[in-house]
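Q: The amino acid sequence is not available; the structure is as follows:
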């Protein structure tokens, strides 16, 4: 298949490209003008920007599918999230329709559920806006695509992963390791909540399955590793690997959330990133139960990489950079 990928230069995008190329797929990789072509080796590099629709004109013609990965991820400003997640998705989708590319795979997020704890969350769980720039604009993006799907213009599949980690991750794992080494790390809550992570290679393998399986058209899939350990166990395991004492102190969710809000206010004044943000507290501080029954049923999906194995891999790569 001829596949057009936005966000191909990113952490997830590079993993998906590496998974698709050996299967014989031809890839057009959308890169920003300033990004080096080495970030998309083996692809046909297309220069453009999802926030500038004129740069997308004609770029998708002849493609069989679009995989839309470009996004403002995690703790972000409303301006970035609206421009990239909402308007950028609209621009990409309109160009796909204009180019008569029906197959469209959207990388969304479990953030669209509004971080509702302690209840089973399947794909039909109501979407909830909570004033989170990332999650709320991911809802906007899904709504834009659903409208085009309803008009018969797109054959859509939506994928909603939890936090993604693995080789190339420059957000979750580096921040976690830095905080553990600093000695200031605090586990939020009692620490018995499971760690909601999925390895990037498992996610990439799932995208390949979705792309090649027609029954996934019109479907939405949660993706996580339900076999992950608790935060307490993960932190103990990581600290053992790092040969540092495991943190024993905890902080309540409410206190962490209020503290994060204060750090965000200070960040707005100083222009420096906050030491803690409410997005991160919501992600890690409470127990969630994202179900992946649909992925198992339709595609036989089971994560192949357990969390501690994946984290040890990240540690080895980090050590190799020193």
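A: Cool, got the structure. The structure presented is a predicted model; accordingly, all values stated were derived computationally and were not measured.

Q: Show me the strands in the stretch 51-200 of the chain, by range?
A: Using DSSP state E, counting those that start in this stretch, the strands found in the stretch 51-200 of the chain span residues 65-68, 103-107, 120-121, 155-161, 163-165, 187-188, 197-199.

Q: Figure out which of those is closest to residue 59.
A: When the strands of the stretch 51-200 of the chain are compared for distance to residue 59 using CB to CB, the nearest one is strand 65-68, at 10.2 Å. In short, each C-beta sits where N, CA and C put it, glycine included.

Q: can the strands of the stretch 51-200 of the chain go into CSV with extra columns for mean pLDDT?
A: Conversion of these to CSV gives the following (pLDDT from 0 to 100):
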stretch, mean pLDDT
strand 65-68, 98
strand 103-107, 98
strand 120-121, 98
strand 155-161, 98
strand 163-165, 96
strand 187-188, 96
strand 197-199, 97
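
Q: which one of those lies closest to residue 41?
A: Of all the strands of the stretch 51-200 of the chain, strand 65-68 comes closest under CB to CB, at 17.2 Å.

Q: packing partners for that closest one?
A: Applying 3 or more CB pairs under 8 Å, 6 or more residues apart in numbering; DSSP states H and E, one finds that strand 65-68 makes contact with strand 2-6, helix 89-98, strand 103-107, helix 200-212.

Q: what's the closest of the ones you listed to residue 175?
A: Using CB to CB as the criterion, the shortest distance between residue 175 and those is 16.2 Å, found for helix 200-212.

Q: The closest one: how far from the chain's middle?
A: The gap between where helix 200-212 is centred and where its chain is centred comes out at 13 Å by CA atoms, centre = their mean, to the nearest Å.

Q: Which strands or helices does that helix pack on?
A: Contacts defined by 3+ CB pairs under 8 Å, 6+ apart place helix 200-212 against helix 11-20, strand 65-68, strand 103-107, strand 155-161, strand 163-165, strand 220-223, helix 293-299.

Q: now those in TSV, with distance to residue 143 and mean neighbour count?
A: Rendered in TSV, the data for the helices and strands packed on helix 200-212 read as follows (distance: least, CB to CB, whole Å; neighbours: other CB atoms under 10 Å):
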stretch	distance to residue 143	mean neighbour count
helix 11-20	22	22
strand 65-68	14	24
strand 103-107	11	24
strand 155-161	11	22
strand 163-165	23	23
strand 220-223	13	22
helix 293-299	20	16
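
Q: got these as a markdown table, with distance to residue 174 columns?
A: Formatted as a markdown table, the entries for the helices and strands packed on helix 200-212 read as follows, by distance: least, CB to CB, whole Å:
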| stretch | distance to residue 174 |
| --- | --- |
| helix 11-20 | 11 |
| strand 65-68 | 25 |
| strand 103-107 | 21 |
| strand 155-161 | 19 |
| strand 163-165 | 10 |
| strand 220-223 | 22 |
| helix 293-299 | 28 |
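
Q: Any idea which of these gets closest to residue 54?
A: With respect to residue 54, and counting by CB to CB, the nearest of the helices and strands packed on helix 200-212 is strand 65-68 at 17.9 Å.

Q: Partner strands of that closest one, with direction?
A: Based on DSSP bridges, the pairing partners of strand 65-68 within the sheet are strand 2-6 (parallel), strand 103-107 (parallel).

Q: For those, give me JSON lines that also has distance to residue 204.
A: Shown next, in JSON lines, are the strands paired with strand 65-68 (distance: least, CB to CB, whole Å):
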{"stretch": "strand 2-6", "distance to residue 204": "11"}
{"stretch": "strand 103-107", "distance to residue 204": "11"}
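
Q: ok, back up a step: could you provide the helices and strands packed on strand 65-68 in TSV, with additional columns for distance to residue 278?
A: Listed next are the helices and strands packed on strand 65-68 as TSV, based on distance: least, CB to CB, whole Å:
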stretch	distance to residue 278
strand 2-6	28
helix 89-98	24
strand 103-107	23
helix 200-212	25
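
Q: Which of these sits closest to residue 227?
A: Proximity to residue 227, assessed across the helices and strands packed on strand 65-68 by CB to CB, is greatest for helix 200-212 (11.4 Å).

Q: quick check, distance from stretch 265-283 to the centre of its chain.
A: That offset, for stretch 265-283, works out to 20 Å (CA atoms, centre = their mean).

Q: List the buried residues of that stretch.
A: For stretch 265-283, the buried set under the neighbour-count rule, 16 or more other CB atoms under 10 Å, comprises 267, 274, 276, 277, 278, 279, 280, 281, 282, 283.
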